[in-house]
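Q: no FASTA, just this:
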Ligand code: PMP
């Protein structure tokens with residue numbers, strides 16, 4: 001990979017950069033100007049291998065012709081349609097196609113699809129559906145939602161309330177929610193391959209919160225089956241099964257936030273399929289449209305949907321939607337994306353590569369600063385020991401150096417998170433690992 005000096009830096013005055021500490025950020029942002037397949041191109045023409053699928057979303061790789069053409073065609077035919085008691089044919093066929101691969105399979109029952117514009121909107125929608133469902137079936141005192149420490153569920157008020165990442169929550173008021181303990185236990189589980197063996201008992205934390213608040217106040221529990229943004233925290237073996245059983249015992253709905261795990265990340269279409277645990281609601285976004293057009297979707301079980309439609313409290317209607325719910329151009333992108341996933345077997349490709357990926361990542365064990373390595377499907381994390389007094393600084397330096405060497409990784413605190421597009425080839429996995437290895441060997 002040839003590297004050039006960066007030029008043409010933009011004016012920083014007007015664009016308020018998201019997820020950026022703008023008070024301190026005065027550096028030149030890295031700028032991308034193109035993308036094809038597994039690679040980005042930066043503004044100076046350097047190739048950058050995408051180790052993160054953009055932001056966990058470009059599962060089929062960049063610049064896919066089918067998506068480009070479908071979007072262009074749709075924009076020319078019908079660019080927008082209002083959503084009040086109206087629609088357009090493509091939104092119905094997209095929902096039908098999604099139902100055929102819905103979490104838990106086509107007989108799993110999560111085949112009612114509500115479209116949103118993003119993961120955050122999907123989360124807020126699922127929380128509202130859960131509370132409205134409880135109301136509709138005569139359980140109106142159930143308004144509390146249980147999330148988890150270190151959970152990330154987007155940045156809407158619902159999402160930050162159930163989320164457990166401090167930076168997202170501080171300074172804002174929140175809706176009633178409480179949090180189970182997280183499941184990261186490096187003392188017992190460091191360098192686990194796949195699911196950690198220890199920690200199923202952490203599911204009992206839900207019982208603690210039921211005892212504290214009363215089951216009759218709790219509408220739902222929401223978890224990421226695999227917590228991505230906190231740095232790839234995997235559920236211990238048996239944990240999600242236990243959570244399902246406890247939720248059932250107390251009439252609490254179980255919501256899986258599959259914004260990251262949906263659409264093949266773990267080597268199955270959804271994490272729901274991977275774990276064989278069927279929740280009542282599943283939130284998705286990202287891979288739904290291959291990241292090309294913003295869109296999210298909530299999959300609801302028939303139980304939840306039918307409870308809302310026919311429950312005894314018939315005055316309860318969920319009046320909810322977005323201007324862009326089921327946007328025709330997003331649906332066109334989504335349909336083309338599903339076509340690619342099916343043709344290329346991408347929703348299960350992670351299972352074929354999982355072993356190779358696992359061995360490649362774990363070859364980094366023993367390199368300087370490496371405290372833990374975690375992997376599942378085509379997702380991975382390398383947790384580094386923090387530099388004294390400067391949490392996050394070491395991983396940030398590794399991120400900058402990897403980018404300079406032509407590899408895009410994502411860091412959160414001192415954790416490197418990896419999630420390459422599902423089209424990744426073995427030699428590209430080798431490159432990801434060797435660039436990180438070289439960088440760690442010389443990292444301060
Ligand atoms: N939930 C989870 C599990 C996520 O990982 C994310 C985004 N990383 C979101 C919700 C929010 O999605 P968006 O940024 O599209 O609003």
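A: Arrived safely. Note that the coordinates shown come from a computational prediction; the quantities given were computed from them, not determined experimentally.
Q: relative to the ligand, which residue of this protein is the closest?
A: Nearest residue of the chain to the ligand, counting by Cβ to the nearest ligand atom: residue 119, 2.1 Å away. C-beta: built from backbone N, CA, C; applies to glycine.
Q: show me what contacts that residue?
A: Going by Cβ atoms under 8 Å, 6 or more residues apart in numbering, residue 119 touches 153, 154, 257, 259, 283, 284, 285, 286, 296.
Q: ok, the second one touching residue 117?
A: No. Using Cβ atoms under 8 Å, residue 154 is not in contact with residue 117, being 11.2 Å away.
Q: neighbour count: those two, which is higher?
A: residue 154 (23 against 19; other Cβ atoms under 10 Å).
Q: per-residue pLDDT of the residue sitting nearest the centre point of the chain, please?
A: The residue lying closest to the centre of the chain (Cα atoms, centre = their mean) is residue 260, at 2.0 Å. Predicted confidence (pLDDT) for residue 260: 98.
Q: how far does stretch 241-259 sit from the chain's center?
A: A distance of 18 Å separates the centroid of the chain from that of stretch 241-259, by Cα atoms, centre = their mean, to the nearest Å.
Q: just the buried residues of that stretch, please?
A: Buried residues in stretch 241-259, counted by 16 or more other Cβ atoms under 10 Å: 242-244, 246-247, 252-259.
Q: now render the residues you listed as a markdown table, adding distance to residue 25 and secondary structure.
A: Converted to a markdown table, the buried residues of stretch 241-259 look like this (distance: Cβ to Cβ, whole Å; DSSP: H, G, I helix; E, B strand; the rest coil):
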| residue | distance to residue 25 | secondary structure |
| --- | --- | --- |
| 242 | 42 | helix |
| 243 | 39 | helix |
| 244 | 42 | helix |
| 246 | 43 | helix |
| 247 | 41 | helix |
| 252 | 41 | coil |
| 253 | 40 | strand |
| 254 | 39 | strand |
| 255 | 34 | strand |
| 256 | 34 | strand |
| 257 | 28 | strand |
| 258 | 31 | coil |
| 259 | 26 | coil |
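Q: contacts for the lowest-mean-pLDDT helix or strand in the chain?
A: Here the helix or strand of the chain ranked lowest by mean pLDDT, DSSP states H and E is helix 166-169, holding a mean of 90. Among residues not part of helix 166-169, those counted as contacts by Cβ under 8 Å, 6+ apart are 152, 155, 159, 160, 161, 163.
Q: OK, contacts around the nearest residue to residue 225 once chain neighbours are set aside?
A: Once flanking residues are discounted, residue 225 sits nearest to residue 271: 3.6 Å by Cβ to Cβ, 6 or more residues apart in numbering. With contact set as Cβ under 8 Å, 6+ apart, residue 271 has these partners: 103, 225, 226, 256, 258, 261, 262, 265.
Q: my read: the fifth one touches residue 269, true?
A: Looking back up the chat, that one is residue 258. No. Taking Cβ under 8 Å as the definition, residue 258 is not a contact partner of residue 269, at 9.7 Å.
Q: who touches both of these two?
A: In contact with both residue 258 and residue 269: residue 103, using Cβ under 8 Å, 6+ apart.
Q: could I get the buried residue list for the least confident helix or strand of the chain?
A: Applying 16+ other Cβ under 10 Å to helix 166-169 flags 168, 169 as buried.
Q: what parts of the stretch 251-400 of the chain come near the ligand?
A: Residues of the stretch 251-400 of the chain lying close to the ligand by Cβ under 6 Å from any ligand atom are 257, 259, 260, 285.
Q: now, among these, which is nearest to residue 300?
A: Nearest to residue 300 among those is residue 257, at 13.9 Å by Cβ to Cβ.
Q: got a list of what that closest one touches?
A: So residue 257 contacts 119, 123, 126, 151, 153, 222, 223, 224, 225, 282, 283 (Cβ under 8 Å, 6+ apart).
Q: can you give me the pLDDT of it?
A: According to the prediction, residue 257 has pLDDT 98.
Q: show me the helices in the stretch 101-250 of the chain, by range?
A: Secondary structure of the stretch 101-250 of the chain by DSSP state H, counting those that start in this stretch: the helices cover 119-136, 157-162, 166-169, 186-189, 205-213, 239-249.
Q: what about residue 197, distance to residue 265?
A: Applying Cβ to Cβ, to the nearest Å, the value for residue 197 to residue 265 is 22 Å.
Q: I meant to write residue 122 there.
A: Per Cβ to Cβ, residue 122 is found 16 Å from residue 265.
Q: look at these two and report which has more neighbours.
A: Comparing residue 122 with residue 265 by other Cβ under 10 Å, the one with more neighbours is residue 122, at 33 against 28.
Q: so that one sits against residue 116, correct?
A: Yes. At 4.8 Å, residue 122 counts as touching residue 116 under the criterion of Cβ under 8 Å.
Q: identify the contacts common to the two.
A: By Cβ under 8 Å, 6+ apart, the residues touching both residue 122 and residue 116 are 285, 296, 297, 298.
Q: about what we covered before: so for residue 434, which of the helices of the stretch 101-250 of the chain sits nearest?
A: Nearest to residue 434, of those and by Cβ to Cβ, is helix 186-189 at 25.2 Å.
Q: name the residues of the stretch 51-200 of the chain found near the ligand, please.
A: Applying Cβ under 6 Å from any ligand atom, we find that the stretch 51-200 of the chain lies next to the ligand at 118, 119, 120, 123, 152, 153, 154.
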